[in-house]
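Predicted model and sequence follow; I will ask about them next.
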Amino acid sequence: MDNKALNFLTRNLCDYDIDMVIPKNGDIKKLGTIIMDTIAGKNKEENSQTIQDIARNLLDQGAEGILESCTEIPLIFPKQRLVPVFDTLEILSEAVLKKYYLLK
């Protein structure tokens, strides 16, 4: 995740009193590789395991949920979860639809 996206998320979540637990630099690099693999159509079993390990590390650091802040992450992250997972694309699309239909 680049600094611009990270700053955007941090600033907006802070407005709602939500603190972020950010993956360590090594984990961010792993996530970048996994995302590029997914875009290239290379869904590797170890990528799913790596994402689960990174999520577990975040939970160990105090995270109470996982924010899937890239459109490729929901394609890889396991569907059966023990913690709340928030898909930013789903959240955004629901907000747009609500706003659109409230304006009509």
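Arrived safely, thanks for sending.

before we move on, what SS does residue 19 have?
Secondary structure, DSSP: H, G, I helix; E, B strand; the rest coil: residue 19 is coil.

Next, residue 87: phi, psi?
Geometry field for residue 87 lists phi and psi as phi -90, psi 110, criterion degrees, to the nearest 10.

Quick check: the spatially most central residue of the chain vs residue 38, distance?
By C-alpha atoms, centre = their mean, the chain has its centre lying nearest to residue 68, at 1.8 Å. Between residue 68 and residue 38 the computed distance is 12 Å (C-beta to C-beta, to the nearest Å). From N, CA and C alone the C-beta is placed, and that goes for glycine too.

Return the set of buried residues in stretch 4-20.
Across stretch 4-20, burial judged by 16 or more other C-beta atoms under 10 Å covers residue 9.

Residue 52: neighbour count?
Residue 52 has 14 neighbours, counted by other C-beta atoms under 10 Å.

let's have the chain start at 344 instead
With the count now opening at 344, the last piece we talked about shows up as residue 395.

Spatially nearest residue to it (excluding sequence neighbours)?
Spatially, and ignoring its direct neighbours in sequence, residue 395 is nearest to residue 421 (6.4 Å; C-beta to C-beta, 6 or more residues apart in numbering).

Check what pLDDT that neighbour gets.
Looking at residue 421, its pLDDT reads 73.

In three-state terms, label it for me.
Judged by three-state DSSP, the three-state class of residue 421 is coil.

So what's the residue count around it?
12.

what's the answer for the one 10 residues further on, then?
One way to gauge burial is a neighbour count; for residue 431, by other C-beta under 10 Å, it gives 15.

who's in contact with it?
410-413 (C-beta atoms under 8 Å, 6 or more residues apart in numbering).
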